[in-house]
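Trainee: the following comprises the amino acid sequence and a computationally predicted model.
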Amino acid sequence: MINVFKTATIQSLALLALLIVSSSLSAQDRSERHLHFGDHPILQSIEVAEQNGLISKDEALLQKFYAGLDLERLDPVYRSDNDSPIKCLMPMVVEYENLKKELSPAIAAEIEEMLNPQNPSQVGNTYISPSGNFILKYDTSGSHSVPTDEMDENGIPEYIINAAFAADSSYSYMVETLGFTDFIEDEPYEISFRNMNVYGRTFFNGSSSNIEVNNNFEGFDPNTHPDGNVIGALYATIAHELKHSSQFELIGNGLRDFTVWTEMDATLMEHVVFPDVNDYYNYIMDYSDEKMDWERNSPHRLSIFGDPESATPGFYWHVTWMIYFHEKFGPEFWVEVWDMIEDDRASGSGNEFRFIESMDQVLKSNGTTIQNEHIENHLWHMSAGPDFSGYNFGFPDRENYPNAELGEAQILTVNSPTFINQVAPLESFASRYHDLVPSNSSLGQPLFILDSEETTGFGLGVVGYFEDGSVEYLTAFDPNSTRQILQTTWSWKELVDVNIAVINTNQSGSPSTYFLEINSIEPDEDIISQNFPNPFNPTTRIEFALSDTKDVSIDVYDTIGRKVATLVDGQLNSGFHSIIFDGSGMASGVYLYRIVTNEAIISKKMLLIK
């Protein structure tokens, strides 16, 4: 092993100093280093040492593999009081494959030996899963032995029985039910078990793959499975690694260039196949050993809840970004995205793995865009946790999620604007949350104006929590403008709290600052705005304002003057109002909508395209 240090003491002191410096990295620095740093103390310390020239790239990679596959050989300087397990070896394997030709022959040979030991222990026993799709190879003695305290009548360890169930269940739901790419060929798919400081790994042999799983999961992170943490970790790991197998079958070595997305995707599959495990809770909030529960007021510092300013994608810690799409559009959504990726590659348009572009195509077929959904995605995150989970908005599991970091609460100034001037730039595809406390003395209705000073592509979302227990959310996004205006129909007096998200929907480019104005507006004349969206199919929103309480009618007419719909007919209070027009039963074409009050008659055109 290469030793570039004179003494472990000197190295430890240098590394400690570097870790202290790294802890104060800006959001921008964290985003740039997110691929490598993660939150694992051993891997983090190795990364710090490499990036600051204390060890070579070769030695850093070797130490990472020691941390996962041979902990006893890890240099003591990188050990910590908590040698916690590594989630998945895939990122390290990908890094090794990308650097293999540049590594010294000695280090490359040592890593190969760890990945493919000359005398593997997994030859003692085999078990075919009930479906016949999997062959499980395991030991019942030695360092790689699986637990043998419970056996069935045929002498098969319960651990292996449970692993076979997890594999069959994962394959049945993931491939046979949902339709993800099949990775099983003519022979049963191999699963082996190994004593390692890793949950599991997927490794590839030419055009095929197989997976390796931890042999006992002793001391691993907690989860919520009713049969205990070991079974939960076993189930989640097998679902995770088999999703990698499906990914590899589809995109092959392209997997190497998009590890962040594929790790998020594999972590999502744990939730999809085994929703009662929730191992991913460990990536969105901190766990309290004293309380034996997760701390809902302590979001994980790398999760969207803890650091919305960190750009997506973000490995396991951003899995809830993917869960949003699963919950809103159904389990078929991600199947369609991967089908789109497969069609794109099969068309001969190149081997580029276009994840966001494929998502956007699927979303457009659902009448929306990646930008609009990225905005609402952050509203779900902002509204999760004990503080707001009682309101009916966001993730179905929001009460078990952590409170998001909302920053310092802004108090609404009575009868004058509140200004939020953010001099810290906001990264691409990231967000910043703000908490606004309404004043009971405020009159009028909330108006939000966002100015992104340097770029277009900024979106605005607000969530209002009302005294009666209801909740509403609104968004504003004009991709061609640096200004977003959001006039609500709410009354300040009825609001308990308002959360605001400013979202940079650009997927690349320089970060930008912004200026946010919050005001109270009372209209002094009757007006009606242009419907949005326009053109529309099949619904559109029409907003209007009344200077005082009065009778009002809003009707819709076709181009020859026939009334086809009445949207409003009665007395309304002063202020801003919003209604939805549904043209589902109408033919494509131009329509007119008209507001009539005692002060004004105003007409506008709208276009329905089916």
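Mentor: Ah, there it is.
Trainee: what's around Pro275, how many residues?
Mentor: 10 (other CB atoms under 10 Å). Using the backbone N, CA and C atoms, a C-beta is placed for each residue, glycine as well.
Trainee: quick one: it is in a strand?
Mentor: No - using DSSP: H, G, I helix; E, B strand; the rest coil, the assignment for Pro275 is coil, not a strand.
Trainee: roughly how far does it sit from Leu268?
Mentor: Distance, Pro275 to Leu268, using CB to CB, to the nearest Å: 11 Å.
Trainee: with Leu255 instead?
Mentor: If you go by CB to CB, the gap between Leu255 and Leu268 works out to 16 Å.
Trainee: and if you look at Arg541?
Mentor: 32 Å.
Trainee: so which of those two has more stuff around it?
Mentor: For Arg541 versus Leu268, neighbours defined as other CB under 10 Å are more numerous around Leu268 (23 against 15).
Trainee: hang on, the more buried one in a helix?
Mentor: Yes - counting by three-state DSSP, one finds Leu268 located in a helix.
Trainee: contacting residues around it?
Mentor: Val319, Met322, Ile323, His326, Trp334 (CB atoms under 8 Å, 6 or more residues apart in numbering).
Trainee: buried set for the helix or strand where the first one lies?
Mentor: Yep, that's Val319 we're talking about. Here Val319 sits within helix 319-329, counting by DSSP states H and E. For helix 319-329, the neighbour count (16 or more other CB atoms under 10 Å) marks Val319, Thr320, Trp321, Met322, Ile323, Tyr324, Phe325, His326, Glu327, Phe329 as buried.
Trainee: which pair in the residues you listed spans the largest distance?
Mentor: For the buried residues of helix 319-329, with distances taken as CB to CB, the pair at the greatest spread is Val319 and Phe329 (16.2 Å).
Trainee: let me see the domain layout of this protein.
Mentor: Domain assignment of the chain by automatic domain parsing yields the ranges 8-86, 120-259, 403-521, 527-608.
Trainee: wait, which of those is closest to Trp380?
Mentor: domain 403-521 (9.3 Å).
Trainee: ends of that closest one, how far apart?
Mentor: 31 Å (CA to CA, to the nearest Å).
Trainee: now it: average pLDDT?
Mentor: Here domain 403-521 scores 88 as its mean pLDDT.
Trainee: try stretch 602-610
Mentor: The model assigns stretch 602-610 a mean pLDDT of 94.
Trainee: stretch 290-310 now?
Mentor: 95.
Trainee: for that stretch, buried residues please.
Mentor: Judged by neighbour count using 16+ other CB under 10 Å, the buried positions of stretch 290-310 are 294, 296, 299-300, 302-310.
Trainee: check the offset of that stretch from the chain's centre.
Mentor: 14 Å (CA atoms, centre = their mean, to the nearest Å).
Trainee: equivalent analysis for stretch 571-587, please.
Mentor: 34 Å.
Trainee: could I get the CA-only coordinates of it as CSV?
Mentor: C-alpha atoms of stretch 571-587 as CSV (Å, rounded to 0.1, in the frame of the first residue of the first chain):
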residue,chain,number,x,y,z
GLN,A,571,-72.9,38.7,-5.5
LEU,A,572,-69.2,38.6,-4.7
ASN,A,573,-67.1,40.4,-2.2
SER,A,574,-64.5,43.0,-3.2
GLY,A,575,-61.0,41.8,-4.0
PHE,A,576,-59.3,39.3,-6.4
HIS,A,577,-61.1,36.2,-7.5
SER,A,578,-60.2,33.1,-9.5
ILE,A,579,-62.3,30.6,-11.4
ILE,A,580,-61.6,27.5,-13.5
PHE,A,581,-63.2,27.1,-16.9
ASP,A,582,-63.5,23.5,-18.2
GLY,A,583,-63.9,23.1,-21.9
SER,A,584,-64.0,19.3,-21.9
GLY,A,585,-67.4,19.1,-23.7
MET,A,586,-66.7,21.8,-26.2
ALA,A,587,-65.1,21.8,-29.7
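Trainee: which outside residues touch it?
Mentor: With CB under 8 Å, 6+ apart as the criterion, stretch 571-587 contacts 444-445, 487-489, 491, 521-523, 531, 536-552, 554, 556, 564-565, 567-568, 591, 593, 606, 608, 610.
Trainee: and those, which are buried?
Mentor: Burial by neighbour count, 16+ other CB under 10 Å: within the contacts of stretch 571-587 this picks out 444-445, 487-489, 491, 523, 531, 536, 540, 542-547, 552, 554, 556, 565, 567-568, 591, 593, 606, 608.
Trainee: tell me the contacts of Thr489?
Mentor: Contacts were defined as CB under 8 Å, 6+ apart; by that measure Thr489 touches Gln445, Glu543, Gly575, Phe576, His577, Ser578.
Trainee: among those residues, name the ones in strands.
Mentor: Residues of the contacts of Thr489 located in strands (DSSP state E): Gln445, Glu543, Gly575, Phe576, His577, Ser578.
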